[in-house]
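Colleague: Need coordinates for the following:
(one chain, ligands or ions: 2)
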Amino acid sequence: MKQIINNILDALVKDGFIVIDEALDANLAKELLNFAREQNNYKQAGISSALDTHIDKTRRSDKILWLNEDNSVQSNFLDFTSRLQKSINQELYIGLSYYESHFAIYNEGDYYEKHLDSFKNSKNRVVTTVYYLNEQWNQSDGGELVIYDKNDNVLSKVLPKQNTLIIFLSDKFHHEVLATNKTRYSIAGWFRVDKF
Ligand code: OGA
Ligand code: MN
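Modeller: Residues are numbered from 1 along each chain as shown. Ligands and ions are numbered 1, 2, ... in the order given. Here you go, the predicted structure:
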């Protein structure tokens, strides 16, 4: 755990992003997948801007469910993010004050157009995390996360495989989810500098 956190800190300073395979406890990833599969109260995801949040299925078609720390499976994941938050604050002098995260389900054909997680006129979302839960994934299954640099070159194309973790600076990296050919589960989260 300490090693992973150190790797993340180094990468955030040097490159602003990191992709880690087999990142956390393998059992935790399995339990989170089971939990995500059992839920039936996902809601159509919205698009937020400085002005409002609204549904626009042409830009993103996934469904989401916010994490809740009162549940033991989810709280094991949130223990990791809270350790990471403390380390980022101590080592990188960023005053992260809050972490919000949701499960996302992308059914066949779902995608999320290229976007930035930090909205114009708002610097609230500072560091993005994406954690994947899917047992098996091949190139032909689609659903890759594509991360771009500031010149629009592809930096990384990540298969959403179980226990892969991606962390990046929210206002620096455009990214998109390509249309998936099968059901795809992820947990997307954001460290913020304030709650609202
Ligand atoms: C997001 C996002 C990526 C993913 O929700 O903002 O970029 O793979 N998610 O779920
Ligand atoms: Mn995003």
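
Colleague: Could you list the residues of this protein in contact with ligand 1?
Modeller: Ala104, Tyr112, Asp117, Val130, Leu145, His175, Val177, Ser186, Ala188 (Cβ under 6 Å from any ligand atom). (Each C-beta comes from the backbone N, C-alpha and C, glycine too.)

Colleague: Can you give me the pLDDT of the residue nearest the centre of the chain?
Modeller: Geometric centre of the chain, nearest residue: Val130, 2.2 Å, by Cα atoms, centre = their mean. pLDDT, Val130: 98.

Colleague: and it, that's in a strand?
Modeller: Yes: secondary structure of Val130 (DSSP: H, G, I helix; E, B strand; the rest coil): part of a strand.

Colleague: right, and it touches Ile166 too?
Modeller: Yes: using Cβ atoms under 8 Å, Val130 makes contact with Ile166 at a distance of 4.5 Å.

Colleague: Could you tell me which ranges of this protein sit under the pLDDT cut-off?
Modeller: Residue ranges of the chain with pLDDT under 70: 50-51, 120-123, 195-196.

Colleague: What segments of it are strands?
Modeller: 17-20, 43-44, 47-48, 53-54, 63-66, 98-106, 112-115, 125-132, 145-148, 154-158, 165-169, 175-177, 184-192 (DSSP state E).

Colleague: by contact count, what packs against the second one?
Modeller: Strand 43-44 makes packing contacts with strand 63-66 when contacts are defined by 3 or more Cβ pairs under 8 Å, 6 or more residues apart in numbering; DSSP states H and E.

Colleague: ok, and what's touching the strand it packs on?
Modeller: 36, 39, 41-45, 100-105, 107 (Cβ atoms under 8 Å, 6 or more residues apart in numbering).

Colleague: That strand pairs with which strands?
Modeller: strand 43-44 (antiparallel), strand 98-106 (antiparallel) (DSSP bridges).

Colleague: Could you export those strands as JSON lines, including mean neighbour count?
Modeller: JSON lines is the format used below for the strands paired with strand 63-66 (neighbours: other Cβ atoms under 10 Å):
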{"stretch": "strand 43-44", "mean neighbour count": "12"}
{"stretch": "strand 98-106", "mean neighbour count": "20"}
